[in-house]
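Peer 1: what's the 3D shape of this:
(2 chains)
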Number of protein chains: 2
Amino acid sequence: MRATYMYGAGDVRIVTVPDPVLQHPSDAIVRVVNACICGSDLHPYHQLPASAEGTSMGHEFIGVVEEVGSAVATLAKGDFVIAPFAWSDGTCEFCREGLQTSCLHGGFWNGIGGGQAEAVRVPLADGTLVKVPGGEDPALLPSLLTLSDVLGTGYHAAKSAGVNPRTTVTVVGDGAVGLMAVLSAKRLGAERIILMGRHRDRTDLGVEFGATDVVAERGAEGIAKVRELTGGHGTHTVLEAVGFREAYQQAVGVVRPGGVISRVGVPQYEEAPIGFGSLFGPNITLTGGPAPVRAYIDELMSDVLDGTIEPGKVFDRTIGLDEVPDGYRAMDSREALKVLVRP
Amino acid sequence: MRATYMYGAGDVRIVTVPDPVLQHPSDAIVRVVNACICGSDLHPYHQLPASAEGTSMGHEFIGVVEEVGSAVATLAKGDFVIAPFAWSDGTCEFCREGLQTSCLHGGFWNGIGGGQAEAVRVPLADGTLVKVPGGEDPALLPSLLTLSDVLGTGYHAAKSAGVNPRTTVTVVGDGAVGLMAVLSAKRLGAERIILMGRHRDRTDLGVEFGATDVVAERGAEGIAKVRELTGGHGTHTVLEAVGFREAYQQAVGVVRPGGVISRVGVPQYEEAPIGFGSLFGPNITLTGGPAPVRAYIDELMSDVLDGTIEPGKVFDRTIGLDEVPDGYRAMDSREALKVLVRP
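Peer 2: This next block holds a predicted model:
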């Protein structure tokens, strides 16, 4: 089959690899119907060291079950399923608490063969995959695809921050996850949602999703603007959907004393300020991490199926598998917001 | 009157200064009955730059109201009161939310004259001071004094971390605040409380306050020990009551995925690890800050008055004002756990 591999920064290729096969009784083989390129795929696109073997890419996909192992109990050939960006057994103590990204037996796709491909071997299929009731409705595919990562990730930011009707919200970043954070904050009842982003077409979509204010300025100027909009104090919650240190520092600048910064952008730094002058003095809480999207799929899927939300609007380009290298380029150059792939 | 000033690292002196006088209608003058030396006073004791003016010391005291300004409505001469370590108006938006350390008009004692003295001018007396029902009972004084800082600070750590009967707890540090964090975790129902400390007399008191396990090892060895005690995963909550970067890193090492680190030790660092390899990957929440002890005094005072808790046991030495310089030395050398001062 054809699959996407990255061989170093900026070096994405479509290669032919063996079809995936069942390796364990709990595996399933899924034919990919839709996959996509993630903002977090751009981090290796910038900095992956060159290698001859390459790295399998893609962690967001929806598809049809082709084959199941003998131990798979809840799925059958032909089921239309959503795959979250981490696989998990669904039964360990962390899964039972809804933290499937820390599953004792789970993992991430890039180690075993990613979703930007024609098919994927899914380990721990019963725990990992979620069957879509009603099967494959073409109009709903883009929105269902967001359940594999970006919608659940934006939702994790808002849930972890404790967003509710009484909390004001700043979202840092107008990428797909930032826009999903806006939609999620709105869904949780927030009435004031400030979106920090400087790409007009994206922030317009953010306004459609529920942002009440847009701040295009960055750094000190952006912080001053948010403070001006909030009586000088900043917002109760800040959802950081970028991952660069500058975005974290922006979050620190706009959070209200006693407030919460919730990070879902994968940090491209290890150390950052958390002392008296940043988090400690004003009693700021820092939370977030890789979203256990598996925990949110059921809840969010019902809103997608009944049309309450339409997160699939974040996709502004659709391509075939052979065009994936150009899809990376288009997302990296901000020519495309989020690219949907039909293998 | 006599008061304590610090003129540089290690240079504590008792000096004669003018008696405090009312400066604003909302002020009160309080004669100090008991004060004490705080673990956080040791930070300037180690690193305060030398100066000719010196810095007024002491932020924990209980005493008797001697005089009130014309705008003070709730207090009168003769009232026996507890002063929290920050003053606050009690009416601004942050005070109403219970975050008096971020009061829009509040501040800290060292700027205006501290509690290691014969008397103190207390600004915003109505918002700041809490009257003790029943007045001055000698047997209760040490425990009431802990309400001005260490008990409320330990309680803030436990409350912010969300300690409850289902959460396991590690307390990092066997100083007075660490021991108060143990007592607070016990009060909130925690059944498993691991105290990390290597001073046997202190950890013995920690066990009396509710610690179920003591880990004397530090660094990697201490982390391994806590993980061994908790099935390999660490505890749901970690209360960090030290403030050094090593203590933070120890907290990161013993917190369970999805858990909370709550800091109340004043950080002696600004930057520290918070990226994928520390907080982000396992979805760790970092919280805490200077405790709004004013918010907790009423609740905790009733437990002190009825004898449910006896936090005053942390004081293991009582001195007069003239002995305060030696009190600093004794606390710094770990000869004394916490020193009570009777001016």
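
Peer 1: Quick one: residues contacting A:Asn283.
Peer 2: A:Pro257, A:Gly258, B:Leu99, B:Thr101, B:Ser102, B:Ser160, B:Thr287, B:Gly288, B:Gly289, B:Pro290, B:Pro292 (CB atoms under 8 Å, 6 or more residues apart in numbering or on different chains). Placement of C-beta: from N, CA and C, glycine included.

Peer 1: how many neighbours does the residue in the stretch 51-200 of chain A positioned nearest to chain B have?
Peer 2: At 3.8 Å from chain B, A:Ser102 is the closest residue in the stretch 51-200 of chain A, using CB to the nearest CB. When neighbours are defined as other CB atoms under 10 Å in any protein chain shown, A:Ser102 has 23 of them.

Peer 1: I figured it hits A:Glu93, correct?
Peer 2: No. Using CB atoms under 8 Å as the test, A:Ser102 is too far from A:Glu93 to be in contact (9.3 Å).

Peer 1: Which residues belonging to the strand or helix carrying A:Tyr328 are considered buried?
Peer 2: Element membership for A:Tyr328, per DSSP states H and E: helix A:324-332. Neighbour counts using 16 or more other CB atoms under 10 Å in any protein chain shown place A:Val324, A:Pro325, A:Gly327, A:Tyr328, A:Arg329, A:Ala330, A:Met331, A:Asp332 of helix A:324-332 among the buried residues.

Peer 1: Run through the neighbouring helices and strands of that helix.
Peer 2: Contact partners of helix A:324-332 among helices and strands, from 3 or more CB pairs under 8 Å, 6 or more residues apart in numbering or on different chains; DSSP states H and E: strand A:12-16, helix A:42-47, strand A:317-320, strand A:339-342.

Peer 1: and these, which one is worst for confidence?
Peer 2: Set side by side, the helices and strands packed on helix A:324-332 differ in mean pLDDT, and helix A:42-47 is lowest with a mean of 94.

Peer 1: sorry, back to before: between the helices and strands packed on helix A:324-332, which one is nearest to chain B?
Peer 2: Comparing the helices and strands packed on helix A:324-332 under CB to the nearest CB, the one sitting nearest is helix A:42-47, at 10.7 Å.

Peer 1: Determine how far the closest one lies from the middle of the whole chain.
Peer 2: With CA atoms, centre = their mean, to the nearest Å as the basis, helix A:42-47 stands 16 Å off its chain's centre.

Peer 1: can you pull the contacts of the most centrally placed residue in chain A?
Peer 2: When CA atoms, centre = their mean is applied to chain A, the residue found nearest the centroid is A:Val150 (2.8 Å). Neighbour list for A:Val150: A:Cys38, A:Glu60, A:Ala176, A:Val177, A:Met180, A:Pro311, A:Val314, A:Lys338 [criterion: CB under 8 Å, 6+ apart].

Peer 1: By neighbour count, which of these wins?
Peer 2: A:Val177 (34 neighbours).

Peer 1: can you count the residues close to the nearest residue to that residue once chain neighbours are set aside?
Peer 2: Leaving out its chain neighbours, the residue that sits closest to A:Val177 by CB to CB, 6 or more residues apart in numbering or on different chains is A:Ala241, at 4.2 Å. With neighbours defined by other CB under 10 Å, the count for A:Ala241 comes to 30.

Peer 1: A:Thr308 too?
Peer 2: Count around A:Thr308 with other CB under 10 Å applied: 10.

Peer 1: helix/strand/coil for it?
Peer 2: Assigned by DSSP: H, G, I helix; E, B strand; the rest coil, the conformation of A:Thr308 is coil.

Peer 1: Next, give phi and psi for it.
Peer 2: Torsion angles at A:Thr308 (phi, psi; degrees, to the nearest 10) stand at phi -60, psi -40.

Peer 1: Report the separation between it and chain B.
Peer 2: As judged by CB to the nearest CB, to the nearest Å, A:Thr308 and chain B stand 27 Å apart.
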